[in-house]
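Colleague: fold the stuff below for me.
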Amino acid sequence: MEPLAIQSGVSPTARPTLSLQADLPSVLSEGRVVAGEVLQVLDGGSILVGIGRHRVPAQSQVELAEGERFLARVEGTRDAPVLRLITPGEKAEPKLISALRAVVGEERPIGELLRSLADALRAALSESGPERARLQDLLASIGRHVFRPGSNAAELQALLARAGLGYEAALLAASFKAREPHGEGELLARLAESIVRALGDAASSVQGALSTAALARLSDLVRAALRELFGAPHGIEEGEEPARLLEAALARALGRLPAGAARERLLASLPDAVRRALESEPAAPRALSARSSGASELGRDLKAELLGTLRALSAGPAREAVARTLAGVESEQLLNLARKEFDQAGHLSFPVPDGEGWASAHLFHWRSGSGGDGAGGGEHEGEGGDEGEMERLTLVLELERLGPLRADLGLRRDELALRLAVERPQTAERLRAALPELSERLALGGRPARVSVVVVPPEEAAVDPLARDVRWLCEHHLMDLSG
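Modeller: Numbering: from 1, shown residues only. Below you'll find the model as predicted:
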């Protein structure tokens, strides 16, 4: 690849004078691959290139002919960008690398990120302003993302699910549900038939039996209202009854009918029609409640909260703090994508209380049959290997009073092995004193649990060797090492 140095001003020999548009720096942001064309070749290696609708003067280190088209990757800063030509046959840089370059400097532990965010929000709240309510909402929500000691497995699962790392997957799932909500086509058809029948009887009492065309129109309105209600990505408000929500949706639909006694009779009979329909289809309220619960969880996702607040805030320290936290979440999302390329352990982190602040607990999960190393505690592997593959988890955290701690857990159908590695001997003593109770609590269903406690060097209990072991990045460098 060869570079083209973009000039910051207009070459005196370039006849078409150039005005750099305000949005050109975003087009030439570092890491992007752009398509260009040589518009004019000037003296001394100066050329004029076209990139999109922009005309950009550049200094070329290679011979290029007028009309020649090229692909180039943007390097350097916005003030002095360099276009490095991608030669024929060379693969364009993976998009994952470009995305990582934009956020990789923010990959701090989540406990540290949220603590810094909380401090910035409190500082911003000391000054009154129109964004105060939004800042208070975000500050209040941060506590929902901190692990509470004593939580059960379901609560921990919910905490991890709304940590922001799976936000896009959850959003995609919600969009699929909107297209085919819960696979409930038959349920909606029966519900619509029941409602139309009851409404038709009510309308007939005013002006006689409805015509075929009128019944078809009523049926279309009811079915459309049900599809919209069950397929909406937003759920019902907490505490709202499904029957009242259904009435409101149908009332909006019937409002499209021509005004008159028949429409008023239909609207007046809605509550009874909905009650009878829901009594005949008890699965409908449960389906609406399930949809509400799913949408509510999506709205409480950490990344969703950060994105919503970022859009609402104007420039300032609070917005910058939100952006840094969002970049930290996205950095971990992208690093997990890179880990998946080599079937490495997925990495989740969550804040835990530690003194007056928060520490970060790091959870690594090796999928069955994956090639993870060092996660299950080597002393436990090889025993009972004919009983199926072992699920392996590693939890690493550092607490102020206990110091670094690493828990390696291996689980098979008929056994559980746990190795606790700590740096401080006094911490090991406290853990050994609790081993009988811990072993008893882990021995579920009669399955034996073998638990050991060892004292290890600091580097063996640290999280960095695991968190920074991303093998894909050994082949795809974030920095250009060719120089």
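
Colleague: Ala443 contacts Ala449, correct?
Modeller: Yes. Distance between Ala443 and Ala449: 4.4 Å, which falls inside the contact criterion (CB atoms under 8 Å). Where C-beta positions appear, they are placed from N, C-alpha and C, glycine not excepted.

Colleague: intersection of neighbour lists for these two?
Modeller: Leu416 (CB atoms under 8 Å, 6 or more residues apart in numbering).

Colleague: residues contacting stretch 299-317, please?
Modeller: Taking CB under 8 Å, 6+ apart as the rule, stretch 299-317 contacts 120, 123-124, 131, 134-135, 137-138, 141, 144-145, 162-165, 167, 170, 298, 319, 322-323, 325-326, 329-330.

Colleague: separate out the buried members of the residues you listed.
Modeller: Neighbour-count burial within the contacts of stretch 299-317 applies to 120, 124, 131, 134-135, 138, 145, 162-165, 167, 170, 298, 319, 322, 325-326, 329-330; the criterion is 16 or more other CB atoms under 10 Å.

Colleague: of the residues you listed, which belong to helices?
Modeller: Among these, the residues falling in helices (DSSP state H) are 120, 124, 134-135, 138, 167, 170, 298, 319, 322, 325-326, 329-330.

Colleague: so Gly346 sits right up against Ala338, yeah?
Modeller: No. Distance between Gly346 and Ala338: 11.2 Å, which falls outside the contact criterion (CB under 8 Å).

Colleague: all strands of the protein, in order?
Modeller: If DSSP state E is used as the criterion, the strands of the chain fall at 3-6, 33-41, 46-51, 54-60, 69-76, 81-85, 346-354, 357-366, 391-399, 403-412, 415-422, 449-455.

Colleague: show me what counts as buried in stretch 357-365.
Modeller: Within stretch 357-365, the residues scored as buried using 16+ other CB under 10 Å are 358-364.

Colleague: and if you look at stretch 42-54?
Modeller: Neighbour-count burial for stretch 42-54, counted by 16+ other CB under 10 Å, picks out 42, 46-49, 51, 54.

Colleague: in TSV: these, plus pLDDT and distance to Pro457.
Modeller: Conversion of the buried residues of stretch 42-54 to TSV gives the following (pLDDT from 0 to 100; distance: CB to CB, whole Å):
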residue	pLDDT	distance to Pro457
Leu42	84	63
Ser46	85	59
Ile47	87	58
Leu48	87	61
Val49	86	56
Ile51	83	53
His54	78	56
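
Colleague: closest one to Val74 out of the residues you listed, please.
Modeller: Of all the buried residues of stretch 42-54, the one sitting nearest Val74 is Ile51; the distance, using CB to CB, is 9.7 Å.

Colleague: in this structure Ala243 contacts Ala277, no?
Modeller: No. Counting by CB under 8 Å, no contact exists between Ala243 and Ala277, whose distance comes to 9.4 Å.
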